[in-house]
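**Q** pasting the structure only:
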């Protein structure tokens, strides 16, 4: 993605199902769980580089010993930082007595992160400053083990204000209005209720207070706690949690917007945001990993039982398609093939744009995350060439002219790498006055490939959000090669609407497609549409959230996608660039054909899966018209 956007945090939950002595004897280390946690987090570092955090619960430690551990970091390399701290503390405590590394009892009672239950989180900050206090896990402490709670998640809720008010209504005084704190306190409230109900039950049955604690831990119904907690949540979420006595869970939203995969055998139970992380960490086959069903929670009890239980009625399945286009690692078996299909689907539109001129066109990609789509595009181009060659050979009607045959067989797409990102230069760009000039040199180009004034240059990208990097850097950089025309191809459709489920795309004014539509309305004498939509949006905001309609779609209704694409090309064409600029977008239909199991497309179509999404779109439009540069939820 040439436009950097923040998105989609990463989550890990890992439960060791055997005593630590087992892992010491079988794998030669008491830190088997900690090492796997590091690997699972590192293999998902694409999901968060603003911060990271880890948590651990130790079973059967002596009273007075800390059994819940947590560490968070917002350093430049947060994963490295937290694990260097953990291992550094262990090394300092055992360097004089190395035999302690094999003493499980000593380790559990004296060293942090030597437990059986682990949690990891990688943060991309879509809201809030990048302070360590914003990093997960978040913790709610209590002297009763079964009331302690630690959570981490990949989520955004659209109705945080209403949920916050509900906490105030029951007498709480939360310190923040963020969705993380709201979720933690709401969940903590129902966890307290569950504890109190069980306490009263066992007290009535004649058990002593000391006897009641383990009984509460045994019978605590996490599915009920989660069902009560999430009853009124509106958003996309995967929330992982650990309760002090050893129960754990991962809960997924009822639309399946956010991803969550799990694997279990007789040694471990593990959940992660991405499937390849589990495959790599445990060297297990693809078909052994399952996806947590929408509206369900994977619950791991202290005694090792693992169950998937319903917590909220599943709704229309609209898993986020951006996960497939860009966010998730391309090493996932299905995602890799889907990205290739996205590239292949674009071939007809590309051929039409270049007038089927293979002899004078070079095909390439930018940035590296677009490689899979590029490969699919090239395969589609080669298939087209094969059809043409076959027809031409058949039309030779038995002619044995070697020169003509050689010309026919020579038909193939010209494929080259025309741009390479200069990562070191990017870190140098700090002065605002010179930023535009320097940004133009973020990418290096390969000289000598393009015939100046003769060749077209087709470059595929994952998506175009704001268009800033295209205009300031990529188009200018490609123009230095002297092409006759530059064609930027987006494997994603036009991004027209804000996201409110975890992607940092919240302001309509940031989207080049939205700005292009407004320009077209003004140029065609239809400014009344803008005023009409604004008034309708103001009226929509007076309605209850579940009755709000996304009337912002009327902004785009007068124009075909191709008209908007053409205007975008005009807007992103720097005046000093000599080459003609054209932009080709994926269609919605082809997106769904390429990613058939991930129908979430609200940022392209405005079809939000929850009522809160419509409200966010409407409020975002009002914010834009009224000049408020703020997110809409």
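**A** It's in. Keep in mind that this is a model prediction, so the values were computed, not measured.
**Q** Give the residue spans of the stretch 1-150 of the chain that score low on pLDDT.
**A** 1-8, 125-129 (pLDDT under 70).
**Q** Go again with 90.
**A** For the stretch 1-150 of the chain, the stretches with pLDDT under 90 are 1-9, 46-50, 63-65, 76, 93-97, 123-134.
**Q** ok, how many other residues are close to residue 265?
**A** 11 (other C-beta atoms under 10 Å). Using the backbone N, CA and C atoms, a C-beta is placed for each residue, glycine as well.
**Q** Angles on the backbone of residue 27, please.
**A** With angles defined as degrees, to the nearest 10, residue 27 sits at phi -120, psi 0.
**Q** Which parts of this protein belong to which domain?
**A** According to automatic domain parsing, the chain comprises the domains 10-317, 323-625.
**Q** Let me have these in a markdown table, adding distance to residue 633 as columns.
**A** Compiled in a markdown table, the domains of the chain are given as follows (distance: least, C-beta to C-beta, whole Å):
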| stretch | distance to residue 633 |
| --- | --- |
| domain 10-317 | 5 |
| domain 323-625 | 5 |
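**Q** Which one of those lies nearest to residue 632?
**A** With C-beta to C-beta, the closest approach to residue 632 among these belongs to domain 323-625: 3.9 Å.
**Q** That closest one: how far from the chain's middle?
**A** 19 Å (C-alpha atoms, centre = their mean, to the nearest Å).
**Q** cool, stretch 56-74 as well?
**A** In terms of C-alpha atoms, centre = their mean, the centre of stretch 56-74 is found 29 Å from the chain centre.
**Q** In it, which residues are buried?
**A** Buried residues in stretch 56-74, counting neighbours by 16 or more other C-beta atoms under 10 Å, are found at 56, 57, 58, 61, 67, 68, 69, 70, 71, 72, 73, 74.
**Q** what's near enough to touch residue 236?
**A** Applying C-beta atoms under 8 Å, 6 or more residues apart in numbering, one finds that residue 236 lies in contact with 155, 156, 253, 255, 257, 258, 320, 501, 502.
**Q** Filter those down to the ones in strands?
**A** 155, 156 (DSSP state E).
**Q** neighbour-wise, which of the contacts of residue 236 leads?
**A** residue 501 (32 neighbours).
**Q** Just give the nearest non-adjacent residue to that residue, would you?
**A** Counting by C-beta to C-beta, 6 or more residues apart in numbering, residue 501 lies nearest to residue 236, which is 3.2 Å off, once chain neighbours are set aside.
**Q** Name whatever forms a beta bridge with the one you found.
**A** Per DSSP bridges, the residues bridged to residue 236 are residue 156.
**Q** how much space is there between it and residue 66?
**A** Counting by C-beta to C-beta, to the nearest Å, the gap from residue 236 to residue 66 is 34 Å.
**Q** Give me the contact list for stretch 23-31.
**A** 16, 20, 32, 33, 35, 90, 101, 102, 104, 107, 114, 267.
**Q** The closest residue to residue 416 other than its chain neighbours: what secondary structure?
**A** Nearest residue to residue 416, sequence neighbours excluded (C-beta to C-beta, 6+ apart): residue 449, at 5.0 Å. The three-state label given to residue 449 by DSSP: H, G, I helix; E, B strand; the rest coil is coil.
**Q** Which ones among the buried residues of stretch 56-74 lie within helices?
**A** Using DSSP state H, no member of those sits in helices.
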